[in-house]
Structures are given as C-alpha cells and as structure tokens.
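> Need the 3D shape of this:
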Amino acid sequence: MMNDTTFNWSEIGRVVGPCIRPGGPVLTERALEICDLPAGSLVADIGCGAGGTLQHLERTGHYRLVGLDHSETLLSEAATRLETARFIRGRAETIPFGSDTFDLLLCECVLSILDDRSAALDEFARVVKGGGYLVLSDLFGKGDHGTAGQADGLLLQQELLDSLSARGFTPLLWEAHDRLLKEFAVRMILAGECLPDSWGCCQRQKGEKTDRSGISYFLLVARKSGATFT
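Presented below is the predicted three-dimensional model:
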C-alpha cells in the first residue's frame, strides 16, 4: 500500500499524536463542514493508521466507522482506542468492499505514498456511493514548482482534479494549508524525528519559507455524481 513500509509510524504518533498528519482533526472537521452527511452515515478511513481520525469521529456518535490499513501493528493499536469501529487489513488499491458502499471516504496524508495512486483513485470511485463524498489531504507541488515536484512524487493540483473529474467526482473545496505543513515539519524536527523517505521533499523546508519551497498541503472535498442521500 505504501512505499514507507519499514518506517516507524508508531514512533511518529508518540511525537505528534494519533492523527499522523498536518492539521490533524482540525482539517477533518473542516471537511465535514462541507459534507452534508446524515446521522448513521458509513464512513471509511483509508490508511487509518492508529485510528486517530476514527477516534475523533467516534466521539461524535454520528457515524458508522470502518478503518483500513496495511499495518497489523497500527490496526491493533487502533482497535484498543475505539469501541464501535470495524478494522480491516487491506490496501487502498484493492479495497475489500463492494461497490457503492460508503457515504464518505477519507484518505488523509496517504495518497502520495501509495504504490499505485491511479488504482487507488479507481477504488475510491468504486466504493463511494453516488452522492457520497471523498476527502483527500496531502502534500502537493504548487505554483511554478508544480511540474518540478513530479520528480519528488508530489501530487499536482490540476492533475489530481482532472483525475477525479474523470472518475465522476466534482470538487467542492480545495484549500492550501502551508502553515499547518510547516508546523508539522517543525514539530518533527524539534522532536528529533525523521520524516518518511517519501516526504523527503519536506526536508528542504528547513529554514525556508513554505511559499518558496513550492510544497504545500491541501484539503480537498469532492462529491461523486449520482443519487443523493435520502
């Protein structure tokens, strides 16, 4: 599922908390403001890790929750945190659920480190219901640095939007969160932790303003065409 299969994500979690990504639950809540989800909606977190996002959502009591990750260690840790969520070991590229299953699919700080992003996007489109929502957040190359960012494996805004459109998704929100990315990187550095190899592009942000690095962190909310919730 991910290129950084040997990276110690549990150790990162001890530094930044169970939501191992810039912004944490703040960005998740921002996305939920856009999604018009009724009570009881089925929500999947792809690459759920230790279950930080699902734990946050479980506290609301509003959703039915599923977490998918390839790491048995992280899934075991997640299972100790939550009471109602269902956890499945699997890969984003081959999600073990039927078509049109989920009202909301979250993939936060995961897409950029997948082995096959196109296959994952195909799966997202398959398992999200018509009228359902997709929330992505991740690193991306911005401005004049976007094309150069391909060498670092960065996502590119227009390329991603085009890919989602081709799969039947309409973007509802795109926001860049430079400050949250910078804060996350600084916390890691001050704690003496390395970033994953696939985040090596962030290392160049040390002592450099985010807008000069050409690297930022996006939040995207998109809705799949088709029937709406009843």
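
> Could I get the full set of helices for this protein?
9-16, 25-34, 52-58, 72-81, 117-127, 157-166, 178-190, 210-213 (DSSP state H).

> I'd like those helices laid out as CSV, including mean neighbour count, mean pLDDT and distance to Asp45.
Glycine gets a C-beta too; all of them are placed from N, C-alpha and C. Listed next are those as CSV, based on neighbours: other CB atoms under 10 Å; pLDDT from 0 to 100; distance: least, CB to CB, whole Å:
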stretch, mean neighbour count, mean pLDDT, distance to Asp45
helix 9-16, 15, 60, 14
helix 25-34, 17, 97, 9
helix 52-58, 22, 96, 5
helix 72-81, 16, 93, 9
helix 117-127, 19, 99, 12
helix 157-166, 15, 98, 19
helix 178-190, 17, 85, 19
helix 210-213, 16, 50, 27
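
> Kindly reformat those helices as CSV and extend each row with distance to Asp100.
Formatted as CSV, the helices of the chain follow (distance: least, CB to CB, whole Å):
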stretch, distance to Asp100
helix 9-16, 31
helix 25-34, 21
helix 52-58, 21
helix 72-81, 25
helix 117-127, 7
helix 157-166, 17
helix 178-190, 33
helix 210-213, 39
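
> how about the ones you listed, which one is nearest Leu65?
In terms of CB to CB, the element of those nearest to Leu65 is helix 52-58, at 5.1 Å.

> same for the closest one, what does it pack against?
For helix 52-58, the packing partners by 3 or more CB pairs under 8 Å, 6 or more residues apart in numbering; DSSP states H and E come out as helix 25-34, strand 41-46, strand 63-69, helix 72-81.

> So which of the ones you listed is nearest Leu180?
Nearest of the helices and strands packed on helix 52-58 to Leu180, taken as CB to CB: helix 25-34 at 7.2 Å.

> Output that closest one as PDB, restricted to C-alpha atoms.
Extracted in PDB, the C-alpha atoms of helix 25-34 (Å, rounded to 0.1, in the frame of the first residue of the first chain):
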ATOM      1  CA  PRO A  25      -8.600  16.600  13.300                       C
ATOM      2  CA  VAL A  26      -8.900  20.300  12.500                       C
ATOM      3  CA  LEU A  27      -8.800  19.600   8.800                       C
ATOM      4  CA  THR A  28     -11.100  16.700   9.200                       C
ATOM      5  CA  GLU A  29     -13.700  18.900  10.800                       C
ATOM      6  CA  ARG A  30     -13.200  21.500   8.100                       C
ATOM      7  CA  ALA A  31     -14.100  18.800   5.500                       C
ATOM      8  CA  LEU A  32     -17.100  17.600   7.400                       C
ATOM      9  CA  GLU A  33     -18.500  21.200   7.300                       C
ATOM     10  CA  ILE A  34     -18.700  20.800   3.600                       C
END
